[in-house]
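Chemist: task: produce atomic coordinates for the following.
(one chain, ligands or ions: 2)
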Amino acid sequence: MELHLYDTYTRSLRKFEPLEAGKVGMYTCGPTVYDYAHLGNLRTYVFEDILRRVLEFNGYQVEHVMNITDVGHLVSDADEGEDKMEKGSRRTGLSAYQIAEKYTAAFQEDITRLNILFPTVWCKATEHIQEQIDFIACIEARGYTYRTSDGIYFDTSKLPNYGYLARLDIEGLQAGARIEMGEKRNPTDFALWKFSPAGQKRQMEWDSPWGVGFPGWHIECSAMSARYLGSFFDIHCGGEDHISVHHTNEIAQTEACYGTRLANFWLHGYFLQVDAERMSKSSGEFLRLQSVLDRGIDPLAYRLFCLNAHYRSKLNFSWEGLESAATSLQRLRTAYYEWGQSSAGRQERIDEQMLGRFRDQVNDDLNMPRALAVVWELVRSDLPPEIKKGTLSTMDRVLGLRLAEWRPEEETAPLEILTLLEARQQARKEKRWADADALRQQIQEAGYEIEDTPQGSRVKRKRTTVGEG
Ligand code: AMP
Ligand code: ZN
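Modeler: Ligands and ions are numbered 1, 2, ... in the order given. Purely as a prediction, here's the structure:
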């Protein structure tokens, strides 16, 4: 099956064809770096990573651009309230630039732990101010802007197609608009440039043809994607919350300036939820990758947890669900490792039939749950180990579980276990067999098994059995 992707713009499953043979330009909206990413944010980046890997699996060369929002994202998506960076600065006592640096590094560490491939281009909003000013000037020259006392705004009523991506009910919104609109002409109008408040010096502000201030949140993505990928490129993605405001406005800006709808395909990842509510930074429990590590769970188990659900369905987070993904991951790793041991010296081979079925599933709009079902079938099959290993190692180019890198832990058992082991060795030396047996029992009850070798005794953590999904 050839690659098909669900395009939010047309609300349909479309066969993917690149604009330029063999190449794909892809833009993914990156983090707003005023705080750590939560597990919900990371679910979206895992989905985008799978998309990137599936494109590469299909032989495309992917130019992947990700922005870092380090200015301009206000506390409310409707251009009101404080800048998230300046607010974070007050919370932590660090400067806005230090905050951006700190959380950008934390984000890059998180995605490294999740084996998410780095984009080919990282771009920061604060390092592309001139591009954003030029873009706003272009929109202004085409007659889509107006000025209020606090900034330059986009007049959405001038764009007949405005809101198409989200199928917005513009008339309904107009009718429901309340006084909070302030000086805005239409409820959906949004800021392109905000002035620094009178008499106040912001940490992040720049001169512009309209006055000192800072860019609105949406303009950075139109300006930087145009710079690195051109005014019309293959794929644009983000989380589902971006459909109605952020991506709608990115499209409006690019349509106003270049007359294109920015990207050929629009893909959106659905939310990670906790107790049936969206996980967010402002409400509920703030779970991040560090929370997973703190529980002694491998971050790649979170990756596998995400792959167990289709990206276009909501996923409920639970620790039980994550633990069970951790067990599955351990089974896969152990199986993979043992196939290597038992087929040592034999050439790895691929079972084309299994791989073909896996490819069909990932190419069917990234159906990872079904692709994983093929993986488990392969694990349980009676194919020779060198074929299982060769086939799974190819599948892992998409799964990204680093199966080939895993080794059983060479024992670093806790001190108390090693002490018991020593006592047992002593007992054996002195032929106190009943004591030795009792100590063995104690060690096993603590979750370790003993291997007696000619070189001495070792302990290993007990392993789960291989071969079940
Ligand atoms: P932000 O750092 O807030 O700009 O968000 C980064 C990415 O995470 C965006 O693509 C959002 O759409 C996405 N996102 C936010 N909340 C969630 C959630 N609960 N589940 C999945 N993705 C989310
Ligand atoms: Zn964006």
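Chemist: isn't residue 211 right up against residue 195?
Modeler: Yes: if you go by Cβ atoms under 8 Å, residue 211 and residue 195 touch, sitting 5.1 Å apart. (Glycine included, C-beta is placed from N, CA and C.)
Chemist: more neighbours, the two?
Modeler: residue 195 (20 against 14; other Cβ atoms under 10 Å).
Chemist: what's the closest non-adjacent residue to that one?
Modeler: Nearest residue to residue 195, sequence neighbours excluded (Cβ to Cβ, 6 or more residues apart in numbering): residue 213, at 4.2 Å.
Chemist: all helices for the stretch 51-200 of the chain, in order.
Modeler: Along the stretch 51-200 of the chain, counting by DSSP state H, counting those that start in this stretch, helices occupy 84-92, 96-113, 129-141, 170-176.
Chemist: so for residue 26, which of those helices sits nearest?
Modeler: For these, proximity to residue 26 was assessed by Cβ to Cβ; helix 96-113 is nearest, at 15.5 Å.
Chemist: which strands or helices does that closest one pack on?
Modeler: If contacts are counted by 3 or more Cβ pairs under 8 Å, 6 or more residues apart in numbering; DSSP states H and E, helix 96-113 sits against helix 39-57, strand 61-68, helix 84-92, helix 299-307.
Chemist: what comes up buried for it?
Modeler: 96, 99, 100, 102, 103, 104, 106, 107, 110, 111, 113 (16 or more other Cβ atoms under 10 Å).
Chemist: can you check stretch 413-424 too?
Modeler: Across stretch 413-424, burial judged by 16+ other Cβ under 10 Å covers 413, 417, 420, 421, 423, 424.
Chemist: so where's this structure shaky on pLDDT?
Modeler: Applying pLDDT under 70 to the chain picks out residues 77-78, 177-179, 283-284, 410-412, 453-456, 463-469.
Chemist: could you give the number of residues near the closest residue to ligand 1 within the chain?
Modeler: For the chain, the residue closest to ligand 1 is residue 239, as judged by Cβ to the nearest ligand atom, at 2.0 Å. Number of residues near residue 239 (other Cβ under 10 Å) recorded here: 22.
Chemist: just list the residues touching the residue in the stretch 351-469 of the chain that ligand 2 sits nearest to, thanks.
Modeler: At 20.6 Å from ligand 2, residue 366 is the closest residue in the stretch 351-469 of the chain, using Cβ to the ion. Taking Cβ atoms under 8 Å, 6 or more residues apart in numbering, we find residue 366 in contact with 5, 47, 50, 51, 54, 310, 311.
Chemist: and those residues as a markdown table, adding distance to residue 118?
Modeler: Below are the contacts of residue 366 laid out as a markdown table (distance: Cβ to Cβ, whole Å):
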| residue | distance to residue 118 |
| --- | --- |
| 5 | 22 |
| 47 | 16 |
| 50 | 15 |
| 51 | 15 |
| 54 | 17 |
| 310 | 25 |
| 311 | 20 |
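Chemist: next, count neighbours for residue 10.
Modeler: Residue 10 has 12 nearby residues by other Cβ under 10 Å.
Chemist: quick check: it is in a helix.
Modeler: No: assessed with DSSP: H, G, I helix; E, B strand; the rest coil, residue 10 is coil; it does not lie in a helix.
Chemist: do you know how far it is from ligand 2?
Modeler: To ligand 2, residue 10 is 20 Å away according to Cβ to the ion, to the nearest Å.
Chemist: ok, that residue to residue 138 distance?
Modeler: Using Cβ to Cβ, to the nearest Å, we find residue 10 at a distance of 27 Å from residue 138.
Chemist: repeat for residue 342
Modeler: 63 Å.
Chemist: what do you get for residue 7?
Modeler: The gap separating residue 7 from residue 138 is 26 Å, by Cβ to Cβ.
Chemist: same thing with residue 351?
Modeler: Taking Cβ to Cβ, one finds residue 351 at 54 Å from residue 138.
Chemist: for residue 365, same thing?
Modeler: Here residue 365 is placed at a distance of 35 Å from residue 138 (Cβ to Cβ).
Chemist: out of those two, which sits in the more crowded spot?
Modeler: Set residue 365 next to residue 138 and count neighbours by other Cβ under 10 Å: residue 365 wins out with 21 against 18.
Chemist: can you name the residues that contact that one?
Modeler: The contact partners of residue 365, by Cβ under 8 Å, 6+ apart, come to 4, 5, 6, 13, 310, 312.
Chemist: please apply the same query to residue 258.
Modeler: 226, 231, 232.
Chemist: just these: which are in strands?
Modeler: Using DSSP state E, the subset of the contacts of residue 258 located in strands is empty.
Chemist: which of these lies closest to ligand 2?
Modeler: residue 226 (12.4 Å).
Chemist: may I have the beta-bridge partners of residue 28?
Modeler: Beta-bridge partners recorded for residue 28 (DSSP bridges): residue 66, residue 237.
Chemist: can I assume it is in contact with residue 47?
Modeler: No: here residue 28 does not reach residue 47: they are 9.5 Å apart, not a contact under Cβ under 8 Å.
Chemist: quick one: which of those two has more around it?
Modeler: Shown here are residue 28 and residue 47; by other Cβ under 10 Å, residue 47 has more neighbours (26 against 23).
Chemist: so the more buried one touches residue 311, yeah?
Modeler: Yes: using Cβ under 8 Å, residue 47 is in contact with residue 311, at 4.1 Å.
Chemist: now for the two: what residues contact both?
Modeler: 269, 366.
Chemist: near ligand 1, which residues of this protein?
Modeler: Where the chain comes near ligand 1, counting by Cβ under 6 Å from any ligand atom, the residues are 29, 31-32, 40-41, 43-44, 238-239, 241-242, 269, 271-272, 278-280.
Chemist: got the domain ranges for this structure?
Modeler: 4-269, 289-405, 415-461 (automatic domain parsing).
Chemist: show me where the stretch 351-469 of the chain has its helices.
Modeler: Under DSSP H, counting those that start in this stretch, the stretch 351-469 of the chain gives helices at 352-363, 368-380, 385-399, 415-429, 433-445.
Chemist: residue numbers of the protein in contact with ligand 2?
Modeler: By the rule Cβ under 5 Å from the ion, the part of the chain lying against ligand 2 is 29, 221.
Chemist: switch to 8 Å and redo it
Modeler: Selection of the chain residues close to ligand 2 by Cβ under 8 Å from the ion yields 27, 29-30, 67, 69, 217-218, 220-221, 238, 242, 246-247, 250.
Chemist: now the strands for the stretch 151-300 of the chain?
Modeler: For the stretch 151-300 of the chain, the strands defined by DSSP state E, counting those that start in this stretch cover 151-154, 190-195, 213-215, 233-239, 263-269, 272-274, 277-278.
Chemist: which helix runs longest in the chain?
Modeler: The residue-count maximum for a helix in the chain (DSSP state H) belongs to helix 319-342.
Chemist: got the angle for that one vs helix 385-399?
Modeler: Here helix 319-342 points in a direction 140 degrees away from that of helix 385-399 (axes from the mean of the first three to the mean of the last three Cα atoms, to 10 degrees).
Chemist: quick check: buried residues in helix 319-342?
Modeler: Those would be 322, 325-326, 328-340, for helix 319-342 by 16+ other Cβ under 10 Å.
Chemist: next, the contact list for residue 144, please.
Modeler: Counting by Cβ under 8 Å, 6+ apart, residue 144 makes contact with 154, 155, 158, 159, 256.
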